[in-house]
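Participant: just coords:
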């Protein structure tokens, strides 16, 4: 099944009938709606994991950051068993900067669900006829605005994402490129089917990444300067073909963050 088809199937699973309900003796479609996942997540949108991480992102990440304490606080507030945190990120390898698998799962959930929410309401017929689609800039700005509630925690987020690791290669970078692919596919931007396909997605990916980096240091009201920066950066990449400089800037920043983060961890020992 294609990723687009899977996205169309994402919906809340219907609640199972109670014991007092009478079940029909003939097949009814809603009785057989299977739970679905949003790849690369491995649990359904109505699972305990999703409920916990949704609550954590909305209520505790803005206060505590992308840390285990934010997850623990949500577990307490929701009345879940404390043992849930030990299995939450079982599929993730621990980070050498002491980010637990559960924290890495929280970050993954944030990236994946925001990417999905960005385009889930765009009708398929609009895509088929290339009619009524948002512009690439509109999708870029919308995605940045989704992070305003956690804007004060973006430095912490990037510090964990930028560390060279298995998580960076298998989760962070693939999600960045999936986001760029979605923004182009679901926008009115003309697509290409040659080498321009790769360069355009690389340019959009790093436009988003550098805009997010700018956002982590932005103190303007409602991140207005970030939105202006994103507009200018996208124009330079898409109209002037500034792919190389954009990628170079991001790579250099990633290197410096990684070096400084390792130094800070060594200094604590």
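Facilitator: Received the coordinates, thanks. Since we're looking at a predicted model, the values are computed, not measured.

Participant: how about the nearest residue to the most centrally placed residue in the chain, chain neighbours excluded?
Facilitator: A centroid search over the chain (Cα atoms, centre = their mean) returns residue 111, at 1.4 Å, as the residue closest to the centre. Counting by Cβ to Cβ, 6 or more residues apart in numbering, residue 111 lies nearest to residue 175, which is 4.4 Å off, once chain neighbours are set aside. (Glycine included, C-beta is placed from N, CA and C.)

Participant: Am I right that that neighbour is in a strand?
Facilitator: No: assigned with DSSP: H, G, I helix; E, B strand; the rest coil, residue 175 falls outside any strand and is helix.

Participant: Near it, how many other residues are there?
Facilitator: 20 (other Cβ atoms under 10 Å).

Participant: Low-confidence stretches in the chain?
Facilitator: 1-35, 93-98, 192-195, 240-269 (pLDDT under 70).

Participant: go with 80
Facilitator: 1-36, 90-99, 128-130, 162-164, 190-199, 238-269 (pLDDT under 80).

Participant: Do a quick rundown of the helices in the stretch 51-200 of the chain.
Facilitator: 61-64, 68-78, 84-88, 101-119, 124-128, 136-145, 154-161, 166-167, 173-185, 195-217 (DSSP state H, counting those that start in this stretch).

Participant: Pull out the buried residues from the fifth one.
Facilitator: Along helix 124-128, these residues count as buried under the neighbour rule (16 or more other Cβ atoms under 10 Å): residue 127.

Participant: mind checking how far the closest residue to residue 218 other than its chain neighbours is from residue 110?
Facilitator: Among residues not flanking residue 218 along the chain, residue 226 sits closest, at 4.6 Å (Cβ to Cβ, 6+ apart). Taking Cβ to Cβ, to the nearest Å as the measure, residue 226 and residue 110 are separated by 18 Å.

Participant: Please identify which of these two sits among more neighbours.
Facilitator: residue 226 (24 against 20).

Participant: Now do the contacts for that one.
Facilitator: By Cβ atoms under 8 Å, 6 or more residues apart in numbering, residue 226 lies in contact with 144, 211, 214-215, 218, 220.

Participant: Am I right that it is in a helix?
Facilitator: Yes: counting by three-state DSSP, residue 226 is located in a helix.
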